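Q: Provide a 3D model corresponding to the input given below.
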Amino acid sequence: MATNQNALMQMVKAKRLDRDPRAQLEITSARANAYFQVLVERATDKSEPTEAQLRALYDELAAQAKAGNNPAGVPPFDQVKGQLPDAWKRKQTQVARDAALARLNQKIQVTFAPDYQPAGN
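A: A predicted model of the protein is given here:
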């Protein structure tokens, strides 16, 4: 019995989509993204945050809210403590992602066309 993936691959070969330049570009991009995701996951702290780490994150978020003129919108630590572990983990993932990109950019110079501006710049 063929799986949907196997059936799709058979159809791709029959229609010669495996030789299509756009399909090859998409495959290369998906492969690179998959590798990058694994690198980030390996570099991300998997432990549970400590009380001190949660408090530090809360203080950082509260300071950002106050700097944005939203001090009244900052609930007390004990009220939001249950939501902070997920936010802490997202931040750890972002830190690992940024560090991986920085290491990549140090090792390999990336050059863009003169009129191309990468997203986020």
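Q: mind giving me the domain split of this structure?
A: What automatic domain parsing lists as the domains of the chain is 1-43, 47-114.
Q: In JSON lines, list the ones you listed along with mean neighbour count.
A: Using the backbone N, CA and C atoms, a C-beta is placed for each residue, glycine as well. Formatted as JSON lines, the domains of the chain follow (neighbours: other C-beta atoms under 10 Å):
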{"stretch": "domain 1-43", "mean neighbour count": "11"}
{"stretch": "domain 47-114", "mean neighbour count": "12"}
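Q: can you put the ones you listed in JSON lines and add mean pLDDT?
A: Shown next, in JSON lines, are the domains of the chain (pLDDT from 0 to 100):
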{"stretch": "domain 1-43", "mean pLDDT": "92"}
{"stretch": "domain 47-114", "mean pLDDT": "90"}
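Q: Where do the helices of this structure begin and end?
A: For the chain, applying DSSP state H gives helices covering 4-14, 21-43, 51-67, 77-80, 84-107.
Q: okay, those in CSV with distance to Ala119 next?
A: Listed next are the helices of the chain as CSV, based on distance: least, C-beta to C-beta, whole Å:
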stretch, distance to Ala119
helix 4-14, 29
helix 21-43, 14
helix 51-67, 23
helix 77-80, 31
helix 84-107, 13
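Q: wait, which of those is closest to Asp115?
A: Taking C-beta to C-beta, helix 21-43 is the member of the helices of the chain nearest to Asp115, at 19.3 Å.
Q: elements contacting the closest one?
A: Applying 3 or more C-beta pairs under 8 Å, 6 or more residues apart in numbering; DSSP states H and E, one finds that helix 21-43 contacts helix 84-107.
Q: Thanks a lot, catch you later.
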